[in-house]
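Q: Got a predicted structure plus its sequence, pasted below:
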Amino acid sequence: MTKLLEVQGVTKKFGGLVALNDLSFYVEEGEVLGLMGPNGSGKTTIFNTIMGDFPPDSGRILFKGEDITKLPTYHRVRMGIARTYQVPRPLKEVTIFDDVRVSTVSPSIIRCLTGKVTAHDAVIKKILEDVGLSGRFSMYPHELTMGDLRRVELAKALATNPRIVLLDEIFAGLTVAEIEEIDKLLRRKREQEGLDFVVVSHDLKALAPLVDRVVVIDFGQFIAEGPFDQIVNDEKVKEAYFG
Amino acid sequence: MIRRLRWWLIAIAVMCVLPLFVPMSITRLLVMAAYLAIFAMSWDMMSGYTGYVSFGHPFLIGVAAYVSAFLSHQEGFQPPHIVLPLYITIPLGVAAAVGGGMLFFLPSMRVRGPYFSLVSLAFMEILHRLIIAIRPEYTGGDRGLPALPAVVTGAVPNYYLALGLMFAVAIGLWFVTRSDVGYVLKTIRMDEDVVEASGISTYKFKRFAFILSAATAGLGGVFYTHYLQSLGPRWAFSATFLLDIIIAAVIGGMGTITGPIFGGYFLTFILEYLRPYLFGQWRLFAYALAAIFIVIYRPKGFYGIAQDVRGWFQRRRIRGEV
Ligand SMILES: Nc1ncnc2c1ncn2[C@@H]1O[C@H](COP(=O)(O)OP(=O)(O)OP(=O)(O)O)[C@@H](O)[C@H]1O
Ligand SMILES: [Mg+2]
């Protein structure tokens, strides 16, 4: 098995606060990795670092064996890394259809100028239907529930044509039926298109059946890894969560 | 298509025959309005779309105007000064606006936040000082450069020149902003990080918008200065001129291109007729009031109001048919 995404000894400090402390883990090709940790343990921060929102103080990020630590965010996205935000960040003044459209426009200005604005409409429609937003294409974010906003996040990530998607609390605020729907979609994407996922979720019931392996962090530090069933019985993990 | 453009075609036709029916003084005012419309569109292309507010448009306009004026100026220079024809100095002026703008403003556009605005404001002031202080015998110093060559003479030919320029700029920018480029620029204003996370180099798009904006500002600047046939730093680099441009774009409707055209004409005429009552500080005070009012109640300016009216008529028509 080869490593698709690798985090190597990443440290990130915010002032005096050490948000990530020499953190290392990896995602294998074809794998769905769960990332667990109590509140404030650094899960979102490592996603931000992988996306290149800010540089780490030390350590490296590797994608397909290539060091991407210094690459700008858009470059990483084009290489195949996408993410959803824990707090959805829809574009407030446009419909969700147009919101997803941003992920499909050409990065080339010339092609943007000469191409048709509606060129990718069929693709966008398909993705929105996939995530369960049929019939809501022309709605604005303020008209949507939290659950639907999370689907928009997922649609935007999928529309970038990714190889791996970092999902930050994608199940929060969804009903059991909705969770099942998203779960099915992720499985289908994995089987048919070979997508990898890193899933952060407080909802362990939703996480358990989806992930092949779990990495647990606390205070920005690696504390355990293994199959889900083994991890939840790990003493160190119990202590991090309840101790 | 024709149906959708019908109001535009009527407006263009009216504009084309207007000088035949109005007094010369109004024609002159219309020329000024057309140039203000160009500057306002130029500002809109950059700031209205991306949300990176430029205080440096007088800098861009001024650089272009000074370069062309300086090279084409006939009098007062010692040899070996060369006097170049306008068809050379005008492109050079535009190129100088783009080049100077890229050199001084672009670096600050890599950073999110107000840095671009502050840097652009600073350079406007710096250029103002430099022009006054350095080699006033060449730049004309505080007095500026008088007796510049004209592209065409007379109010009516200048009217058509300005109108043609304005339409060319409007059509060009309209085409760009209605493509995916305009769409990306608008989304940058809403949430730049999210656009970047969609795989788009936001800097590349901002740079493109800036180059277009600077080229437009420069083009307007050179033709305007050769229309006035004089150039003074007190006019070119004044806060009032800067505010004229921004307010025209804001009341017309930011991020619409067509709105600022209307804003330019509206502001020119309002200012002309209110001039006896609005001078100096009062003009700035009125600007502040107008800007606050629009930003709060009608962020899309006249463009937004026009859209509302159209929507109202359409609804009425639909109801009438039922
Ligand atoms: N931009 C920032 N500036 C300063 N501190 C930050 C920043 N981002 C995160 N932090 C801090 O870093 C620590 C880790 O935060 P992070 O959001 O990564 O945790 P998390 O594991 O995602 O938590 P949660 O489960 O609540 O989402 C927290 O103490 C947080 O306050
Ligand atoms: Mg988090």
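A: Looks like it arrived, so ask away. Ligands and ions are numbered 1, 2, ... in the order given.
Q: Identify each buried residue in the least confident helix or strand in chain A by mean pLDDT, please.
A: Least confident helix or strand, chain A: helix A:235-242 with a mean of 84, by mean pLDDT, DSSP states H and E. Neighbour-count burial for helix A:235-242 flags A:237, A:240 (criterion: 16 or more other Cβ atoms under 10 Å in any protein chain shown). No exception for glycine: its C-beta is placed from N, CA and C like everyone else's.
Q: Return the distance of it from the chain's centre.
A: Centre-to-centre, helix A:235-242 and its host chain are 25 Å apart (Cα atoms, centre = their mean, to the nearest Å).
Q: Over to stretch A:184-198?
A: On Cα atoms, centre = their mean, the centre of stretch A:184-198 falls 13 Å from that of its chain.
Q: what's the answer for stretch B:3-13, then?
A: Chain-centre distance of stretch B:3-13: 23 Å, with Cα atoms, centre = their mean.
Q: returning to what we had before: show residues contacting the least confident helix or strand of chain A.
A: A:36-38, A:41, A:216, A:218, A:223-224, A:231 (Cβ atoms under 8 Å, 6 or more residues apart in numbering or on different chains).
Q: Just give the number of residues close to residue B:217.
A: 33 (other Cβ atoms under 10 Å in any protein chain shown).
Q: And the helix or strand harbouring it, what does it pack against?
A: Here residue B:217 sits within helix B:202-228, counting by DSSP states H and E. With contacts defined as 3 or more Cβ pairs under 8 Å, 6 or more residues apart in numbering or on different chains; DSSP states H and E, helix B:202-228 has these neighbours: helix A:109-114, helix B:24-43, helix B:49-50, helix B:57-72, helix B:86-104, helix B:155-177, helix B:180-190, helix B:192-196.
Q: For ligand 1, find the nearest of those.
A: Closest of those to ligand 1 is helix B:192-196, at 11.9 Å (criterion: Cβ to the nearest ligand atom).
Q: Now do that closest one: which elements does it pack against?
A: Packed against helix B:192-196 by the contact rule (3+ Cβ pairs under 8 Å, 6+ apart) you find helix A:73-79, helix B:180-190, helix B:202-228.
Q: Please see if it touches ligand 1.
A: No. Shown here: helix B:192-196 not in contact with ligand 1 (Cβ under 6 Å from any ligand atom), separated by at least 11.9 Å.
Q: same thing with stretch A:203-218?
A: No. Stretch A:203-218 is not in contact with ligand 1 by Cβ under 6 Å from any ligand atom; minimum separation 7.6 Å.
Q: Off-centre distance for that stretch?
A: 14 Å.
Q: now stretch A:196-212
A: The mean C-alpha position of stretch A:196-212 is separated from the chain mean by 11 Å, Cα atoms, centre = their mean.
Q: and that stretch, which residues are buried?
A: By neighbour count with 16+ other Cβ under 10 Å, stretch A:196-212 contains the buried residues A:196-201, A:203, A:206-208, A:210-211.
Q: Next, the residues that contact it from outside, please.
A: Outside of stretch A:196-212, the residues within contact range by Cβ under 8 Å, 6+ apart are A:4-5, A:27, A:29-36, A:43-44, A:47, A:86, A:163-172, A:179, A:183, A:186-187, A:190, A:214, A:227-229, A:232.
Q: could you pick out which of those residues are near ligand 2?
A: Near ligand 2, taking Cβ under 5 Å from the ion as the test, the members of these found are A:43-44, A:86.
Q: Need the pLDDT of the residue most central in space within chain A.
A: Nearest to the mean C-alpha position of chain A, counting by Cα atoms, centre = their mean, stands residue A:166 at 1.8 Å. As predicted, residue A:166 sits at a pLDDT of 98.
Q: where along chain A do the helices fall?
A: Secondary structure of chain A by DSSP state H: the helices cover A:43-51, A:73-79, A:96-101, A:109-114, A:121-130, A:146-159, A:176-193, A:204-207, A:228-232, A:235-242.
Q: what about chain A, any weak spots by pLDDT?
A: A:1 (pLDDT under 70).
Q: Would you mind naming what in it lies close to ligand 1?
A: A:14, A:17, A:19, A:37, A:39-45, A:86.
Q: ok, which pair from these is furthest apart?
A: A:17 and A:86 (18.2 Å; Cβ to Cβ).
Q: who's more crowded, these two?
A: Between residue A:17 and residue A:86, counted using other Cβ under 10 Å, the more crowded position is residue A:86 (17 against 10).
Q: surely the more buried one meets residue A:168?
A: Yes. Applying Cβ atoms under 8 Å as the test, residue A:86 and residue A:168 come out as touching, 4.0 Å apart.
Q: Can you list the buried residues in stretch A:92-104?
A: Neighbour counts over stretch A:92-104 (16+ other Cβ under 10 Å) mark A:94-104 as buried.
Q: And the contacts of it?
A: Everything outside stretch A:92-104 that qualifies as a contact, by Cβ under 8 Å, 6+ apart, is A:90-91, A:120, A:123-125, A:127-128, A:133, A:136-142, A:144, A:152, A:155-157, A:159-160, B:183-184, B:186-187, B:190, B:194-195, B:198-200.
Q: how far does it sit from the chain's center?
A: Per Cα atoms, centre = their mean, the centroid offset for stretch A:92-104 relative to its chain is 18 Å.
Q: Determine how far the last residue of that stretch lies from the first.
A: One end of stretch A:92-104 sits 18 Å from the other (Cα to Cα, to the nearest Å).
Q: next one: stretch A:64-83
A: 17 Å.
Q: Residues of the stretch 201-322 of chain B that sit close to chain A?
A: Applying Cβ under 8 Å from any Cβ of the partner chain, we find that the stretch 201-322 of chain B lies next to chain A at B:201-202, B:204-205, B:208.
Q: most surrounded residue in the residues you listed?
A: Neighbour counts for these (other Cβ under 10 Å) peak at residue B:205, which has 26 neighbours.
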